[in-house]
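Colleague: Sequence first, predicted coordinates after that:
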Amino acid sequence: MGTDRPGEFELIKTYFAPLAKDPGSLGLTDDAAVLSPREGYDLVLTKDVLAANIHFFADDAPEAIAAKALRVNLSDLAAKGARPRGYLLGLALHSDWTSEWLRRFCDGLAADQSAFDVQLLGGDTIRSGNGLQVSITAIGEVQAGQAVRRSGARTGDKIFVSGTIGDAAAGLKARLETGFVAKHGFSHTDERHVLDRYLLPRPRTRLADAISVSSNAAMDISDGLIADCRHMAGASGVDIIIDPEKIPLSDALRRLKATAPDVFAQCINGGDDYEILASVDVENQSDFVRLAANAGCPVAEIGIVREGTGQVRLCKNGRPVDMKLEDGFRHF
């Protein structure tokens, strides 16, 4: 071990205890946190594990790795209509870690804790035999009985998404494929946009209230738009009809659509968007759009829910659209 590395308890005291402001964390001086939900609220818990060179690049900035690990979990909470409260961190450090790397990693957590009003509650740090791994369990609160599941979509609901779709997958291609940016005519602004969307997801935490009040079903888009529509359709026992012309796109993805339709289709279902997919009653549609706009998270209507058996179809003006789509992200 390098001489600049502290021992376990000194590591906790130096790097992680300053992040643990919630009284339930007990200052990270015990083996577990103690957390009580507020009266009239349910706790919502979610976990994601990120591994180097699978979900991020090992040489990414430590601040960005920390932010991505936390944000993908906050995205799951938002999709349930829950506000973040705290998180548990599991960190398996690669063999060549340094105090400087860990300091920067914790700086990334601290910045996002402030941005998203969430606190470290506890966790564990170990040595990894196979590269860096970051596991976060995020805990949120939602009014009792109001958590929104993916299984509540109803026939006649309108399908909405937040933000723009496909940017993160394009960012991954831009990073992996030499000449991708030049080949598809991306400007410097386009390039920075897609790279940032891959590296730093934007959890739509401010949409939580709109989702809780107005949505029948919701989930975040992590595996790809069409793949996650299938997840929602299957869980709800319905079909979802998407108009691909209504999918909101950034300037970069519009350019890609014009220059390489097949690559564009791959990106649309490529995953890592971490936008919100929501199924909303027609009666609640106006309120949902208004609440989303007030929260600074505009949404776009892209489809409708029909009776069915869990299928997703692409249609424009009632006619099927032939678009070759990949299966979305697969873990195994």
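Modeller: Yep, that arrived.
Colleague: so where's the stretch 1-150 of the chain shaky on pLDDT?
Modeller: Low-confidence segments of the stretch 1-150 of the chain (pLDDT under 70): 1-5, 7-9, 24-31.
Colleague: give me the number of residues near residue 194?
Modeller: Residue 194: 28 surrounding residues under other C-beta atoms under 10 Å. To be clear about C-beta, it is placed using only N, CA and C from the backbone, and glycine gets the same treatment.
Colleague: I should have written residue 75 there, sorry.
Modeller: Using other C-beta under 10 Å, residue 75 has 26 other residues around it.
Colleague: again with the one 10 residues further on
Modeller: Residue 85 has 22 neighbours, counted by other C-beta under 10 Å.
Colleague: Wait, it touches residue 140, no?
Modeller: Yes. With contact defined as C-beta atoms under 8 Å, residue 85 reaches residue 140; the gap is 5.7 Å.
Colleague: Need the overlap of contacts for the two.
Modeller: Jointly contacting residue 85 and residue 140 under the rule C-beta atoms under 8 Å, 6 or more residues apart in numbering are residue 43.
Colleague: if I look at the closest residue to residue 201 other than its chain neighbours, how far off is residue 246?
Modeller: In space, and not counting its chain neighbours, residue 201 is closest to residue 274: 3.8 Å by C-beta to C-beta, 6 or more residues apart in numbering. As judged by C-beta to C-beta, to the nearest Å, residue 274 and residue 246 stand 20 Å apart.
Colleague: Of the two, give the one with the bigger neighbour count.
Modeller: More neighbours surround residue 274 than the other of residue 274 and residue 246, with 25 against 13 (other C-beta under 10 Å).
Colleague: That one and residue 73 touch, don't they?
Modeller: No. Using C-beta under 8 Å, residue 274 is not in contact with residue 73; the gap is 10.2 Å.
Colleague: end to end, how far does stretch 293-303 reach?
Modeller: Using C-alpha to C-alpha, to the nearest Å, the end-to-end distance of stretch 293-303 comes to 19 Å.
Colleague: buried residues in it?
Modeller: For stretch 293-303, burial by neighbour count (16 or more other C-beta atoms under 10 Å) applies to 295, 297, 299, 300, 301, 302, 303.
Colleague: before we move on, what about stretch 94-106?
Modeller: Neighbour counts over stretch 94-106 (16+ other C-beta under 10 Å) mark 97, 101, 102, 104, 105, 106 as buried.
Colleague: got the residue ranges for the helices in the stretch 101-250 of the chain?
Modeller: 167-176, 180-183, 188-199, 208-214, 225-236 (DSSP state H, counting those that start in this stretch).
Colleague: now for these, which one comes closest to residue 35?
Modeller: Nearest to residue 35, of all those, is helix 208-214, at 18.7 Å by C-beta to C-beta.
Colleague: Pull out the buried residues from the closest one.
Modeller: Of all the residues in helix 208-214, those buried under the rule 16+ other C-beta under 10 Å are 208, 209, 210, 211, 212, 214.
Colleague: repeat for stretch 238-245
Modeller: 238, 239, 240, 241, 242, 243, 244.
Colleague: How about stretch 106-113?
Modeller: 106, 108, 109, 112, 113.
Colleague: contacts for that stretch?
Modeller: By C-beta under 8 Å, 6+ apart, stretch 106-113 touches 15-16, 18-19, 61-67, 70-71, 89, 118-120.
Colleague: Among those residues, the buried ones, what's the ChimeraX command?
Modeller: Selection of buried members from the contacts of stretch 106-113 for ChimeraX, criterion 16+ other C-beta under 10 Å:
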select :15,16,19,61,62,63,64,65,66,67,70,71,89,118,119,120
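Colleague: Looking at the contacts of stretch 106-113, which are in helices?
Modeller: 62, 63, 64, 65, 66, 67, 70, 71 (DSSP state H).
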